[in-house]
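J.: Curious how this folds, go ahead:
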Amino acid sequence: MRKVLIADDRQENRYVLKNFFKLFGTSAEFDIVEASSAEEVMNQLKEIQPDLILMDIKMETETAGLDAVKQIRKTEPYKDLQIWAITAQAMEAHDLEDSDKDKCLKAGCNDYISKPFDPVDLLMKVANFFSVEIPDNVKKKIGIS
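T.: Coordinates of the predicted model:
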């Protein structure tokens, strides 16, 4: 069973991401767990030991997600856990300040996905990471072979 923790303070965003995994059908077997705050992420982390975290950056505060990532990276059993930032924060670098993407990667995220996310791109990333097949009917529907 592949375990994914979706961390986002907005219920509708968690709903969209949770339903996204249904595109893989029943054979891929994803166990999706949700967290609505950085604190909840830390609690769920110990309880479910996810394979992947999709982390919103701006939850309770502007940097709650990044703070959680930094804390996870300091915790021994989770240092190599895959964490993908999935955020609406998409500022480019300016005035000697890093871009939001760079901030996410420097904090310890393995990947950066901006909202609204491209479902085909995310589908390919998830399929690649978990080594799962995208069902033929979904491939046909989204125009990939």
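
J.: For the protein, which residue occupies the most central location?
T.: residue 54 (1.5 Å; Cα atoms, centre = their mean).

J.: show me what contacts that one?
T.: 4-8, 17, 84, 86, 113 (Cβ atoms under 8 Å, 6 or more residues apart in numbering). Heads up, the C-betas are built off the backbone N, CA and C, glycines and all.

J.: low-scoring stretches of the chain, by residue?
T.: Across the chain, the ranges flagged by pLDDT under 70 are 89-97, 145.

J.: could you pull out the strands for it?
T.: Ranges of strands in the chain, per DSSP state E, are 2-7, 30-35, 52-55, 82-87, 111-114.

J.: mind putting these in TSV, distance to residue 131 included?
T.: Conversion of the strands of the chain to TSV gives the following (distance: least, Cβ to Cβ, whole Å):
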stretch	distance to residue 131
strand 2-7	10
strand 30-35	13
strand 52-55	13
strand 82-87	13
strand 111-114	16
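
J.: one step back: of the contacts of residue 54, which pair is most distant in space?
T.: Spanning the widest gap among the contacts of residue 54 are 5 and 113, at 14.9 Å by Cβ to Cβ.

J.: neighbour-wise, which of these two wins?
T.: Shown here are residue 5 and residue 113; by other Cβ atoms under 10 Å, residue 5 has more neighbours (24 against 19).

J.: Pull the number of nearby residues for the nearest residue to the more buried one once chain neighbours are set aside.
T.: Excluding the flanking residues, the one nearest residue 5 by Cβ to Cβ, 6 or more residues apart in numbering is residue 50, at 4.1 Å. When neighbours are defined as other Cβ under 10 Å, residue 50 has 24 of them.

J.: swap in residue 61?
T.: 12.
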